[in-house]
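In: What follows is a predicted protein model with its sequence.
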Amino acid sequence: MYFNTLIKLSIMSILINASFQVFSTEQQVELSIKPLACIVKKAGESCKITINAHWRSDQPIDVCLFQEERSLSCWKKQKVASQHFNIDISKDMIFSLKSDLGKTLAENKVHVNTTTPKHYRRRLKAEWSLF
């Protein structure tokens, strides 16, 4: 019985170590977009903002920053990069960092918020109510 428990523990420790080794070889990329929100008066209006895109990686990589499907900028053999972009958006937009093979490594979403509500609040009481 003791021998069976020892074998099970040994197998579990081997599997756990193997999973950590797989995780450590995976590339870690962080993308930061600021600001993450743009305010317009009415829905559908265009919002012109300057965003700051900053990304970093554990290893030098070849990547491009995309606004939806449009390429904004590309970097070769870089670990860290930061750049300002003047953009014009009228709806929520996804910014993604993609490898040279087209794999999405990281992404952020910039929201377009309106100052006027999309729907009017319905009345809580009927017009004929006395209370």
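Out: Looks like it came in fine. Since the structure is predicted, the reported quantities are computational estimates derived from the model, not experimental observations.
In: so for whichever strand or helix holds residue 85, what's the average pLDDT?
Out: Using DSSP states H and E, residue 85 falls within strand 70-89. The average pLDDT for strand 70-89 rounds to 92.
In: Quote the end-to-end distance of stretch 42-51.
Out: Counting by Cα to Cα, to the nearest Å, you get 21 Å between the two ends of stretch 42-51.
In: which residues make contact with it from outside it?
Out: 33-35, 38-40, 84-90, 95, 110, 112, 114, 116, 118 (Cβ atoms under 8 Å, 6 or more residues apart in numbering). Yep, even glycine has a C-beta here, placed from its N, CA and C like the rest.
In: Do a quick rundown of the helices in this protein.
Out: 2-25 (DSSP state H).
In: which residue is nearest the centroid of it?
Out: residue 108 (2.6 Å; Cα atoms, centre = their mean).
In: Please list all residues in contact with the closest residue to residue 64 other than its chain neighbours.
Out: With Cβ to Cβ, 6 or more residues apart in numbering as the criterion, residue 64 has its nearest non-adjacent residue at 4.1 Å, and that residue is residue 74. Counting by Cβ under 8 Å, 6+ apart, residue 74 touches 62-65.
In: Out of the helices and strands in this protein, which is least certain?
Out: helix 2-25 (a mean of 44; mean pLDDT, DSSP states H and E).
In: now stretch 94-114, how far from the chain's geometric center?
Out: Stretch 94-114 sits 6 Å away from the centroid of its parent chain (Cα atoms, centre = their mean, to the nearest Å).
In: First-to-last residue distance for that stretch?
Out: 18 Å.
In: Could you list the residues in contact with it?
Out: The contact list for stretch 94-114 (Cβ under 8 Å, 6+ apart) reads 27, 29-33, 35-43, 45, 47, 51, 53, 55, 57, 61-68, 72, 89-93.
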